[in-house]
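Novice: The amino acid sequence is not available; the structure is as follows:
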């Protein structure tokens, strides 16, 4: 994920992304970052078993930017000052873009499964989230 303007070189096609944009590479793709600040997240094939929430309440107003069978990547989009109804999050990696309360910009945090209500207090998009998928009943 770009923290600034980023240039990525890969066979056949170079890619440029801006702050908050993502690129997903699978398997043995070869690429090289030639310019910019970024976070690189690697999802291993073998990892601890994921926990399943008791009840699933889909978060509203997220913009999904990538999705496959293992995980989805989305931007949390909240109107400043407006609460989001109770929602559930699966285990996830949150990349924080803005400062809000105890949140530190340009930081990464792993979060366990939870159900919560959120109130957005910042004026920029909060987070880009990589959320692992678990079967829902």
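Specialist: Yep, it's here. Everything numeric in this text was worked out from a predicted model, so none of it was measured.
Novice: Residue 72 and residue 128 touch, don't they?
Specialist: No - contact criterion CB atoms under 8 Å: residue 72 and residue 128 do not qualify, at 11.3 Å. C-beta: built from backbone N, CA, C; applies to glycine.
Novice: Next, the contact list for residue 114, please.
Specialist: 53, 88, 89 (CB atoms under 8 Å, 6 or more residues apart in numbering).
Novice: same question, residue 110
Specialist: Residue 110 neighbours (CB under 8 Å, 6+ apart): 91, 92, 93, 94.
Novice: Now for those residues: which two are most distant?
Specialist: 91 and 94 (10.7 Å; CB to CB).
Novice: quick one: common contacting residues for these two?
Specialist: With CB under 8 Å, 6+ apart as the test, residue 91 and residue 94 both reach 110, 111.
Novice: what about the chain, any weak spots by pLDDT?
Specialist: 100-102, 118-125, 135-137 (pLDDT under 70).
Novice: still on that earlier bit, select from the contacts of residue 114 every entry located in helices.
Specialist: Judged by DSSP state H, helices contain none of these.
Novice: just checking, which of the residues you listed belong to strands?
Specialist: 88, 89 (DSSP state E).
Novice: Out of the contacts of residue 114, give me the one that has the most neighbours.
Specialist: residue 89 (21 neighbours; other CB atoms under 10 Å).
Novice: if I look at that residue, how far off is residue 77?
Specialist: In this view, residue 89 and residue 77 are 15 Å apart by CB to CB, to the nearest Å.
Novice: ditto for residue 57
Specialist: 17 Å.
Novice: which residue ranges form the strands in this structure?
Specialist: 6-9, 15-17, 32-35, 62-67, 71-76, 83-89, 92-96, 107-111, 114-119, 127-132.
Novice: so of those strands, which one's packed in deepest?
Specialist: Of all these, strand 127-132 carries the top mean neighbour count, a mean of 22, counting by mean count of other CB atoms under 10 Å.
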